[in-house]
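Participant: could you look at this predicted model? Sequence included:
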2 protein chains.
Amino acid sequence: MATRARERLLDTAEELFYADGIRAVGLERILTTSGVGRASFYRHFASKDELVVAVLRRRDERWREWLTERVTALGGHPLAVFDALAERFARADFRGCAFINTMIETADPESPAHQVAAEHKAKVTAYVEGLLRDHGAGDPATTAPQFVLLMDGATVTALRERTTAPATQARTLARSLVT
Amino acid sequence: MATRARERLLDTAEELFYADGIRAVGLERILTTSGVGRASFYRHFASKDELVVAVLRRRDERWREWLTERVTALGGHPLAVFDALAERFARADFRGCAFINTMIETADPESPAHQVAAEHKAKVTAYVEGLLRDHGAGDPATTAPQFVLLMDGATVTALRERTTAPATQARTLARSLVT
DNA sequence: ACCAGACGGTACTGATCGGTTCCGTTTCCG
DNA sequence: CGGAAACGGAACCGATCAGTACCGTCTGGT
């Protein structure tokens, strides 16, 4: 059986944290929803904070895998990141960027959760920079952060408006950066 | 003495909510920090949620007053909103946009706090649209939301990086919209 | 000088928080 | 088939949550 309880905890926690926020979701709810016993939880994680970090680390990897996959499937052009975002915005359970949300919710920049979120953004920026470099864009090191700024702006706006329009708007703005 | 306790509660709550998040700040801390008695609090506000809404409403008005004042002082050009943001980002207590933070923290779109935050963004967008119209920009109704997307993107990025650079980056991107 | 209203402090409620402990069951593997 | 590890359930801990009730005090207006 390996550690099926652990997987269930990660799945349930990721879903609940993303939907309602980390602080808003108590252990009780995670346990009843996942069907994992309280003792079993503490056999896998030393604390709720450790669960949070584990959830974020896994989501970071999966999210970037997803982005790479979608961008590649859409042709590999840097601007395709905005088309990928549009797909994300359209999902019924879309609730913004889990890492932006985490950084805002856990105000303390020293907290492990906050740092995992910060690392996620750095890795996404590095990926975009690679896309720009492959595309032969001028000064990818300068352009990549601007792309990420547009991605984050679109994400926050989409969360507020609940439409995919911000992805198109951001893409339009990004076009001027990549000829 | 009018209602000095109420003012103190609003001041203290606004500061604590902005610094640590609404959910992270308990009534106890608001009361001890402000020096207001527990009973007095409930003489002014029916609940913590009501305090939250009152804080957000007041902050919305003051924030937009501040923005108009700064933009006017900086010449009244639409792009001046990004110079104003840069000033904001530089402050030691900068912790992003209180309204974005609120929408993310209180996930429920039906909640009063969430709606006050949404209204704030609508009012800011309307203000920017007015700036664009006064400046003779083409299609202000389309451009204003893009400006706000850039403002929000810059704000989120500045929160993450703790520099004023995102304001400049966003301003550069906005330049292409307003000739 | 008086009175009424606004006030701060304290003790309390029930609910929920994260975390610990024990106990009986289920499941996998040799 | 048997033992060991993983498991679910439940009772319990102290701390904290939002909210209520009662107290004595301070203050401003007449």
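Facilitator: Nice, I can see it.
Participant: contact residues of chain A facing chain B?
Facilitator: Within chain A, the positions near chain B by Cβ under 8 Å from any Cβ of the partner chain are A:19-21, A:23-24, A:95-96, A:100-101, A:103-105, A:107, A:109, A:118, A:121, A:145-146, A:148-154, A:156-157, A:159-160, A:162, A:166, A:169-170, A:172-173, A:176-177. Quick note: C-beta positions are derived from backbone N, CA and C, even for glycine.
Participant: from those, which are also near DNA strand C?
Facilitator: When Cβ under 7 Å from any atom of the strand is applied, no member of the residues of chain A next to chain B is adjacent to DNA strand C.
Participant: pull out the buried residues from those residues.
Facilitator: Taking 16 or more other Cβ atoms under 10 Å in any protein chain shown as the criterion, what is buried in those is A:21, A:23-24, A:96, A:100-101, A:103-105, A:107, A:118, A:121, A:145-146, A:148-154, A:156-157, A:159-160, A:166, A:169-170, A:172-173, A:177.
Participant: so how far is chain B from the residue in chain A that DNA strand C sits nearest to?
Facilitator: Nearest residue of chain A to DNA strand C, counting by Cβ to the nearest atom of the strand: residue A:26, 2.7 Å away. Using Cβ to the nearest Cβ, to the nearest Å, residue A:26 is found at 12 Å from chain B.
Participant: burial count for that residue?
Facilitator: 11 (other Cβ atoms under 10 Å in any protein chain shown).
Participant: residue A:110 too?
Facilitator: The burial count assigned to residue A:110 is 7, neighbours taken as other Cβ under 10 Å.
Participant: where does it land in three-state SS?
Facilitator: Put simply, residue A:110 is coil when judged by DSSP: H, G, I helix; E, B strand; the rest coil.
Participant: DNA strand D contacts on chain A?
Facilitator: Counting by Cβ under 7 Å from any atom of the strand, chain A comes close to DNA strand D at A:1, A:3-6, A:8, A:35-40, A:43-44.
Participant: among those, which pair sits farthest apart?
Facilitator: A:1 and A:38 (19.0 Å; Cβ to Cβ).
Participant: between the two, who's got more neighbours?
Facilitator: Taking neighbours as other Cβ under 10 Å, residue A:1 and residue A:38 compare with residue A:38 leading, 11 against 4.
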